[in-house]
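K.L.:
Could you look at this predicted model? Sequence included:
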Amino acid sequence: IMPSLVGSFISKMHLPNACENPKYCVHTLCDLDEDLLKERAATYKPLKTTTDYRELLADPDVDLVVIGTRGMLHKKFIVAAANAGKNILVEKPMTHTFDEVEEAVRAVRDNDVRLVVGFNRRCSDAMLLTRKLFREVRGGPVNILYRMATDVMHAPDFYAFDLSQGGGLMLHEGVHIFDPITWLVESEPIRIYCQGAPEGDDVVTITYADGTVATYL
């Protein structure tokens with residue numbers, strides 16, 4: 001049984017999937033925007049709606065909380081949900097700083113709940129096939145180049161490029177690239193070097209324990 005905030009990604013991905021899966025019941029939708037909340041409730045038919053996240057965290061029927069706010073709020077809601085004894089699915093990035101990571105992980109461990117970050121690239125059919133082929137042909141360390149187009153110049157007001165709200169493109173989307181690359185390589189990163197503007201234009205080089213070097217730009 002799961003509650004959820006009802007922003008764009010949650011309403012387009014998580015809620016439709018949850019509604020179609022008989023293992024889940026969408027129990028509570030939570031959002032500060034009452035008009036948006038009513039709109040989503042009419043579509044997904046939750047048992048309850050609320051504008052106060054503390055209300056849903058206090059509900060004993062809620063087992064899993066899906067956090068889909070902007071990144072700057074993720075740590076706050078992870079800690080609150082963990083302290084309420086709820087399992088958690090949080091959209092990426094999990095947090096914005098290392099200190100926030102430590103606080104979030106501590107709360108999860110202290111309360112013996114599960115925390116999953118919403119990385120989905122590795123679950124796609126294309127990536128599963130890529131990994132299968134990669135395992136068959138690689139003979140040792142490789143060089144990987146991943147190019148992601150950014151639009152920070154044409155959409156400077158998009159919250160992802162705001163370091164205080166979205167963490168910049170490196171945190172907002174870059175983590176989605178680092179995860180499948182590491183999953184594909186099947187080795188631990190031992191050195192990371194980054195150069196550029198964290199808002200949007202970055203070049204990142206990751207060296208792995210097996211000698212593989214991956215570059216993301």
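P.N.:
Here it is on my side, so go on. What you are looking at is a predicted structure, and each value in this text was computed from that prediction instead of being measured. Residues are numbered from 1 along each chain as shown.
K.L.:
Low-confidence regions, this structure specifically.
P.N.:
Within the chain, the stretches with pLDDT under 70 are 1-7, 149-156, 198-201.
K.L.:
where along it do the strands fall?
P.N.:
2-5, 26-30, 48-50, 64-67, 87-90, 115-117, 143-146, 189-196, 202-208, 213-216 (DSSP state E).
K.L.:
and the closest residue to Leu128 other than its chain neighbours, how many residues sit next to it?
P.N.:
Spatial nearest neighbour of Leu128, chain neighbours left out: Arg122 (7.8 Å); criterion: C-beta to C-beta, 6 or more residues apart in numbering. No exception for glycine: its C-beta is placed from N, CA and C like everyone else's. Counted with other C-beta atoms under 10 Å, the neighbours of Arg122 add up to 16.
K.L.:
ditto for Leu57
P.N.:
Other residues close to Leu57 by other C-beta under 10 Å number 20.
K.L.:
Same check on Ala41?
P.N.:
The number of residues packed near Ala41 is 18, by other C-beta under 10 Å.
K.L.:
and it, what is it in contact with?
P.N.:
Contacts for Ala41 (C-beta atoms under 8 Å, 6 or more residues apart in numbering) come out as 29, 49.
K.L.:
Taking the centroid of the protein, which residue is nearest it?
P.N.:
Centroid check for the chain by C-alpha atoms, centre = their mean gives Lys92 as the closest residue, at 2.0 Å.
K.L.:
wait, what's in contact with that residue?
P.N.:
By C-beta under 8 Å, 6+ apart, the contact set of Lys92 is 71, 117-119, 172, 175-176.
K.L.:
Quick one: end-to-end distance for stretch 87-96.
P.N.:
With C-alpha to C-alpha, to the nearest Å applied, stretch 87-96 spans 20 Å between its terminal residues.
K.L.:
How far does it sit from its chain's centre?
P.N.:
Its chain's average C-alpha position is 5 Å from that of stretch 87-96, according to C-alpha atoms, centre = their mean, to the nearest Å.
K.L.:
hang on, the earlier thing: of all the strands of the chain, which one comes closest to Ala160?
P.N.:
Closest to Ala160 of those, according to C-beta to C-beta: strand 202-208, at 13.0 Å.
K.L.:
Which residues outside that closest one are in contact with it?
P.N.:
If you take C-beta under 8 Å, 6+ apart as the criterion, strand 202-208 is touched by 141, 169-170, 174, 178, 181-182, 185, 187-196, 213-217.
K.L.:
All the helices of this protein, in order from the start?
P.N.:
Secondary structure of the chain (DSSP state H): helices at 8-9, 15-20, 34-44, 53-57, 74-83, 98-110, 125-137, 168-169, 175-185.
K.L.:
Tell me which of these is the most buried.
P.N.:
helix 168-169 (a mean of 23; mean count of other C-beta atoms under 10 Å).
K.L.:
tell me which strands and helices it is in contact with?
P.N.:
Applying 3 or more C-beta pairs under 8 Å, 6 or more residues apart in numbering; DSSP states H and E, we find helix 168-169 packed against no helix or strand.
K.L.:
What is the burial count for the closest residue to Pro189 other than its chain neighbours?
P.N.:
Excluding its sequence neighbours, the residue lying closest to Pro189 (C-beta to C-beta, 6+ apart) is Ile206, at 5.0 Å. By other C-beta under 10 Å, the residues close to Ile206 number 21.
K.L.:
gap between Ile206 and Thr28?
P.N.:
39 Å (C-beta to C-beta, to the nearest Å).
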